[in-house]
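Asks: need a structure here:
(chains A and B)
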Protein chains: 2
Amino acid sequence: MIDKKHIEYLKNIVGEDDIKTDKIHLRAYSYDATREHFYPDAVVFPENEEEISKILKYCNEEKIAIIPRGAGSGFTGGALPVNGGIVLALEKHMNKILEIDEKDMVAVVQPGVVNRKLQEEVEKKGLFYPPDPASMDYSTIGGNVSENAGGMRAAKYGLTKDYVMSLKAVLPNGDIIRAGKRTIKDVAGYNIAGILIASEGTLAVITEITLKLLPKPKIKKTYMGIFKNVEDAMNAVYKSLASGAMPVAMEFMDSLVVKALREKLGVDLPEWAGALLIGDVDGNVEEEINYQLGILENSFRENGCKEFKVAKDEKEANEIWFARRNASQSITIYGSKKINEDISVPRSRLPDALREINNISKKYGLVVPCFGHAGDGNIHVNVMVDKNNEEEIKKGYKAVEEIFKLVVDMGGTLSGEHGIGLSKAPFMKLAFNEAELNLFKRIKEAFDPNGILNPGKMGI
Amino acid sequence: MIDKKHIEYLKNIVGEDDIKTDKIHLRAYSYDATREHFYPDAVVFPENEEEISKILKYCNEEKIAIIPRGAGSGFTGGALPVNGGIVLALEKHMNKILEIDEKDMVAVVQPGVVNRKLQEEVEKKGLFYPPDPASMDYSTIGGNVSENAGGMRAAKYGLTKDYVMSLKAVLPNGDIIRAGKRTIKDVAGYNIAGILIASEGTLAVITEITLKLLPKPKIKKTYMGIFKNVEDAMNAVYKSLASGAMPVAMEFMDSLVVKALREKLGVDLPEWAGALLIGDVDGNVEEEINYQLGILENSFRENGCKEFKVAKDEKEANEIWFARRNASQSITIYGSKKINEDISVPRSRLPDALREINNISKKYGLVVPCFGHAGDGNIHVNVMVDKNNEEEIKKGYKAVEEIFKLVVDMGGTLSGEHGIGLSKAPFMKLAFNEAELNLFKRIKEAFDPNGILNPGKMGI
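Replies: Okay, the predicted model is just below:
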């Protein structure tokens, strides 16, 4: 338990109303999307960069842990106060869009801005912020930057890191820094913004983010390819892209997901459907859309696609996307607990990866439905278990470990977009050699010598 | 001077033929595009990662400086052995394209591969590697990564960093690391590739680079807008982009460049021409090209463009590009020495920046022709002086310092693509506060505690 005098000191910085130590608040800030619980000693709601600087400076001197937090929607426990400490909650005050500049095509936001809100505001001005994690209705830009969030549109438009032009941040010692510029090009000094992205709140507290925006494409169309089996669909993914298609999204669902969608939600899909590929293409002129759809249809059909549909209107587009949007929910028919991992492999390894995951699921006698962002090689693997069956849960985690080994052997990664946090920390040794892990530690020390920022995360 | 025993030790690693200490070699490796000379103690040509690891391990223990070098085409002295030491020349042996994979759409190369060579090889397979620095005929991918090279196409396609998926590198202690994966998404561990990009060989020696490739667009057309004055052209730049245009390039030349092109090279341009904007648009269908050209023409004309041309064929396209390609050469009519800086500002500040640069040139009585990559806010500012007039050279550098101050005040950067190296190191204090400079130092120490890698660079 943290000493009372520290709470008093912090109260002087943020004011009575913006520090909480009551049970209800501590509970509310004890969990994230992993549903694991770790109680903080206090929750602080800073109002600006100066307050954050003072808080960090003090906590650094007193060696008190600080856990920065956006919406707490992460899947790997990145926002959990594993050893207590102060949760620095940024969603209450630091949630303003400071500027949307149509001339420079940039947005400047505080970390607590919700992704969806930013999308809506920039689109009102004919602009476009592509990163759209599934959590976009509630996750914050600060969290998106800290995890380098991806999303459906990553196949064409890339990740959060591709849109971060500059950051302001507070270092653990209270120093306020700017990293990067409001310019497309900037090669002066080390790329500090680059290393803060995806650092999961372990290096600095991000206080302001300048994002690159694009002109919003004028037209969007939705397609769906229905395949007899997963292998065909996975071949179609990389072969259609290698043929020159640049779809906004290419989302995948396997036969277990298709079955669940039919049985649980009555989605109208053929009996023989063993895999789906769903996505959008976009552009400014009809002919570009038709060019893209032409490549996709040809390539899909050459790889065993039995039915290729293009939505005629928004209603049909929504019907197609309904399947993908409800994939996660539908598979609960297979088990009351889902161990959800977001592996990523080079796209041409997708057929092998899915085959091997199927073999692992058979070996352990577990059901493992898969879906996700096939267009960028990122698959959400769901090991389904009975939440009341400890034996089965253990088996589930063993299967996950085997899947991670497989993925790393294929040149893939433990996490495409969810981060390492707490949940994947034990597997870092599978993915990195000692030299790499040592380098991570030295970088951590360069930023945070006392180890006060988000301790216990990323296996560092 | 380095001890003989060190040379003997290194000879055992790389073999007799791959270490040189004779005068001719030392001279050949003493300079880069800055034309400044600093002699190394030896030049070593490693054959592979293992040799580099052994060399670094030894030099780290013995505290001998190592200067990694590609083609030596840098404009800021990044490859210069300012205090002697060993030049690690990567262009002799480590110049292989290891793989061009059409399925995953990636290329894997050694650092010494020349940019142009890679472009040609991937285009044979219908693929596309966008970064095209002006030095692409001779500069190497390793150098491009170390400086985060841009180029003409950056307006639409971004910089080298946007194409680096993963790197292999050797740390000063000899440790071999991999950073990043051959996957579009990867958020496991700190973004080491991100910080190695643009680190100018001061943190690690890059030994292998995996690059993302795109499908090659089917059609390209070249446009030129002729304006009466610079201010109109600079307004047209950001207004056309904000209107939704996404040209591959939008290159700019001011009235001094236009005059030089006419007088020195007989380029056929109207008497009244005060500024040019030149570039390409690309796409897969004619209609997209026309859509892009339509926005550009409208937006240009709304901002005072008096003549808008689209090249009918490749011959006309080459004629238009001739002006841009020879801009740098033509301006030598204004002085025998050119102090060439590559500042970058937010695009909407371009009109102000050019006006202020003109004021500074008047104040110092110097001619300062400007051209460059206006589409991304990156301008090459050329302060022309008489190479035999020391007084004028001094004045030139004073003008440069004033320009840097102006740019930083406008939220811009000292360098859009040339790097800091030696030439811009004295100006780092203009652009960064003490906290930021300290952080750079701590990062340097995390990688290179003995300071053996490319010492004296980046003001660190």
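
Asks: list the residues that contact the closest residue to chain B within chain A.
Replies: Chain B sits closest to residue A:194 of chain A, with a gap of 3.0 Å, by CB to the nearest CB. Glycine gets a C-beta too; all of them are placed from N, C-alpha and C. By CB atoms under 8 Å, 6 or more residues apart in numbering or on different chains, the contact set of residue A:194 is A:161, B:161, B:191, B:194-195, B:197.

Asks: could you do residue A:331 as well?
Replies: Counting by CB under 8 Å, 6+ apart, residue A:331 has contacts A:256-257, A:260, A:338, A:369, A:382, A:384.

Asks: correct me if wrong, but it is in a strand.
Replies: No. Per DSSP: H, G, I helix; E, B strand; the rest coil, residue A:331 lies outside any strand segment and is helix.

Asks: re the thing from before, and the contacts of residue A:331, which of them are in helices?
Replies: A:256-257, A:260 (DSSP state H).

Asks: next, the closest residue in space to the residue of chain A closest to chain B that isn't next to it in sequence: secondary structure please.
Replies: Closest residue to residue A:194 apart from its sequence neighbours, by CB to CB, 6 or more residues apart in numbering or on different chains: residue B:194 at 3.0 Å. At residue B:194 the chain is in helix, as set by three-state DSSP.

Asks: where along the stretch 51-200 of chain A do the strands fall?
Replies: Assigned by DSSP state E, counting those that start in this stretch, the strands in the stretch 51-200 of chain A fall at A:66-69, A:86-89, A:97-101, A:106-109, A:127-128, A:164-170, A:176-180.

Asks: may I have the strands that pair with the third one, each with its orientation?
Replies: Strands adjacent to strand A:97-101 in the sheet, as given by DSSP bridges, are strand A:106-109 (antiparallel).

Asks: circling back to that earlier point, list only buried entries from the ones in helices among the contacts of residue A:331.
Replies: A:256-257, A:260 (16 or more other CB atoms under 10 Å in any protein chain shown).

Asks: looking at the residues you listed, spot the one nearest residue A:284.
Replies: Using CB to CB, residue A:257 is the member of these that lies nearest residue A:284, at 33.4 Å.

Asks: so the closest one makes contact with residue A:327?
Replies: Yes. Assessed by CB atoms under 8 Å, residue A:257 is found in contact with residue A:327 at 5.1 Å.

Asks: overlap of the contact sets of those two?
Replies: In contact with both residue A:257 and residue A:327: residue A:371, using CB under 8 Å, 6+ apart.

Asks: which stretches in the stretch 201-350 of chain A count as strands?
Replies: According to DSSP E, counting those that start in this stretch, the strands that the stretch 201-350 of chain A contains are A:205-212, A:214-215, A:219-227, A:251-254, A:275-283, A:305-310, A:337-344.

Asks: after the strand or helix carrying residue A:9, next one along is what?
Replies: Using DSSP states H and E, residue A:9 maps to helix A:4-14. Once helix A:4-14 ends, the next helix or strand along the chain (criterion: DSSP H and E) is strand A:19-20.

Asks: and that following strand, which strands flank it?
Replies: Partners of strand A:19-20 in the sheet, by DSSP bridges, are strand A:42-44 (antiparallel).

Asks: and residue A:400, what does it touch?
Replies: Residues near residue A:400 by CB under 8 Å, 6+ apart: A:339, A:341, A:381, A:383.

Asks: distance of it from residue A:428?
Replies: Per CB to CB, to the nearest Å, residue A:400 is found 14 Å from residue A:428.

Asks: same question for residue A:367.
Replies: 28 Å.

Asks: pLDDT on the top helix by length along chain A, on average?
Replies: In chain A, taking DSSP H as the definition, the longest helix is helix A:390-409. On average, the pLDDT along helix A:390-409 is 96.

Asks: between it and strand A:337-344, how many degrees?
Replies: Between helix A:390-409 and strand A:337-344, the angle comes out at 0 degrees (axes from the mean of the first three to the mean of the last three CA atoms, to 10 degrees).

Asks: which positions in helix A:390-409 come out as buried?
Replies: A:392-393, A:395-396, A:399-400, A:402-404, A:406-408.

Asks: my read: residue A:422 touches residue A:76, true?
Replies: Yes. Between residue A:422 and residue A:76 there is a contact under CB under 8 Å: 6.4 Å.
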